[in-house]
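Asker: Just the structure for this:
(one chain, ligands or ions: 2)
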Amino acid sequence: MPQQSPLTRIPLHTVDFDEVPKQQFRVYTARDLDKIKELQLLPESLRFEMKVVSAVLPFRVNAYVIEELIDWQRVPNDPIFQLTFPQKGMLSDVHYNRMAMAIRSDMDKQALKLVANEIRQELNPHPAGQLEHNVPCDSAGEPIPGLQHKYRETVLFFPSQGQTCHSYCSFCFRWAQFVGDKNLRMATTEADKLYGYLEEHPEVTDLLVTGGDPMVMKSRQLKSYLEPLLHPRFSHIQTVRIGTKALTFWPQRFITDDDADELVELLHHLVLAGKHVAIMAHYNHWRELDTDIARAAIRRLRATGAEIRSQGPLLAHINDCEDDWVKLWNEQIKLGIIPYYQFVERDTGARRYFEVPLYKAWQIYRQAMQKVSGLGRTARGPSMSADPGKVEIQGIAEMNGQKVFVLRFIQARDPSWVQQPFFAKFDEQATWFDQLQPADEHSERFFRKPAV
Ligand SMILES: *Cc1c(COP(=O)(O)O)cnc(C)c1O
Ligand code: SF4
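Answerer: Numbers count the residues shown, from 1 in each chain. Ligands and ions are numbered 1, 2, ... in the order given. From the prediction side, this is the model:
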């Protein structure tokens, strides 16, 4: 028998964790850019650019990502470096220069913050009507700020202790929550409101705990939110989903963290009690699956009986190449992860740097699909999470002599819109739904702006 490392034999309970060295969680933010020794090797001009961009957009990266995921030989082109570190092109020249001038002049902190906030306001901090259209109300008509309810079956819950992440993705569509502006945050400390809401809504089958990353919470907190769902009054909640990127950014969460055991036991308990537990794992690149600890975490989660489904956007500079998707989906299948969604980069924050024309996104999706087996073809996409719903680009076709995008809603505010094919005029430049025009009369209603 070949020698096995403890990480290659991780089942649910029998691992001797003393054999796995415990790594301390160490995190760097914009203030600590100069303390990251790997960055010292880069030109000073590049480091200045990072300072400017991270004054506007959130930056946070931990030592595991720096030491084990980023290949520093390949920086700045390394995909995980692009995924986590600020790049000049993330801001327009105008915004970049405004912030750079402010930093070079001797402005005080408060004044710098004002400049940063002005720029942030111009980066569409709340895409797809998240604040205006998705926040539900309780029976007295009062909004419940920590919840979103957009699609009939699924309620999103943003527990206040889970509104950060182990590292931040440079393209994150929830970036506005992380830059300290309280107006932009959506969180609740009050689980009672959640339970009350779920009880009044028997049509809801899925609760999706999200953030930030709920896996930054202590297991004890997660347990206090989730265990009450086992009460018979929540028997309509068949699925508990947890959105997370911890399998990438801090897989130690599931193996060596002090409360890792408590977490896997909680998930196992929910499964045994009859809930479908789905870990909605956020992945962008196969490199994220490529460390022993990441694989061990996946094995241990699967041993709880939870399913792991994967989703993530297609991004320039990170994964806009079919072979990266083929490898990502194949590795996931091998590890027992079910590919779920491929998204289009959303129209917010650093989108200008990451966006890919829709026709190109579809080509990459299609070409990647052609190269994986049926089990790899479960990812739907490329999908745009737009205001009316999740719009999938199904293809490019000809209709009455004009070139069109064939579209469908995978999800919609109005459930009757789901799965109806509709058409937009082909546009080689378009990167988002709001740039598309209906191609025929039948399709027009799907493009109308909702009345607020
Ligand atoms: C994607 C999404 C969901 C979940 O949709 P499914 O298709 O059921 O995975 C729920 N709420 C919002 C706001 C979403 O964007
Ligand atoms: S892990 Fe998710 S919420 Fe956190 S920064 Fe990345 S995309 Fe955003």
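Asker: any low-confidence regions in the protein?
Answerer: Residue ranges of the chain with pLDDT under 70: 1-4, 13-18, 129-131, 181-189, 450-452.
Asker: what residues does it put near ligand 2?
Answerer: Proximity of the chain to ligand 2, by Cβ under 6 Å from any ligand atom, involves residues C165, Y168, C169, C172, R174, G211, G212, D213, K245, H282. Yep, even glycine has a C-beta here, placed from its N, CA and C like the rest.
Asker: how many other residues sit next to the fifth one?
Answerer: Per other Cβ atoms under 10 Å, the neighbour tally for R174 reads 25.
Asker: D213 is in contact with that one, correct?
Answerer: No. R174 is beyond contact range of D213, at 10.0 Å (criterion: Cβ atoms under 8 Å).
Asker: quick one, strands of this structure?
Answerer: Applying DSSP state E to the chain gives strands spanning 27-29, 60-62, 147-151, 154-157, 206-209, 239-244, 276-282, 307-314, 338-344, 380-385, 389-399, 402-412, 422-425.
Asker: L7: which of those is closest?
Answerer: Closest approach to L7 among these is made by strand 307-314 (17.4 Å; Cβ to Cβ).
Asker: name the helices or strands packed onto that closest one?
Answerer: Counting contacts by 3 or more Cβ pairs under 8 Å, 6 or more residues apart in numbering; DSSP states H and E, strand 307-314 packs against strand 276-282, helix 292-303, strand 338-344, helix 358-370.
Asker: How about the contacts made by the residue lying closest to A379 once chain neighbours are set aside?
Answerer: Setting aside the residues directly before and after it, A379 is nearest to P339 in space (Cβ to Cβ, 6 or more residues apart in numbering), at 3.7 Å. Contact partners of P339, counting by Cβ atoms under 8 Å, 6 or more residues apart in numbering, are R309, S310, W329, Q332, I333, G376, R377, T378, A379.
Asker: next one: M50
Answerer: Counted by Cβ under 8 Å, 6+ apart, M50 has contacts L33, L39, F59, F85, P86, Q87.
Asker: tally of neighbours for the nearest residue to the fifth one once chain neighbours are set aside?
Answerer: If I follow you right, that is P86. Closest residue to P86 apart from its sequence neighbours, by Cβ to Cβ, 6+ apart: V53 at 3.6 Å. The tally of other residues near V53 (other Cβ under 10 Å) stands at 25.
Asker: so who does V53 touch?
Answerer: F59, P86, Q87, K88, M90, L91, Y96, M99.
Asker: try 7 Å
Answerer: Contacts for V53 (Cβ atoms under 7 Å, 6 or more residues apart in numbering) come out as P86, Q87, K88, M90, L91.
Asker: That one and E444: what is the separation?
Answerer: Per Cβ to Cβ, to the nearest Å, V53 is found 40 Å from E444.
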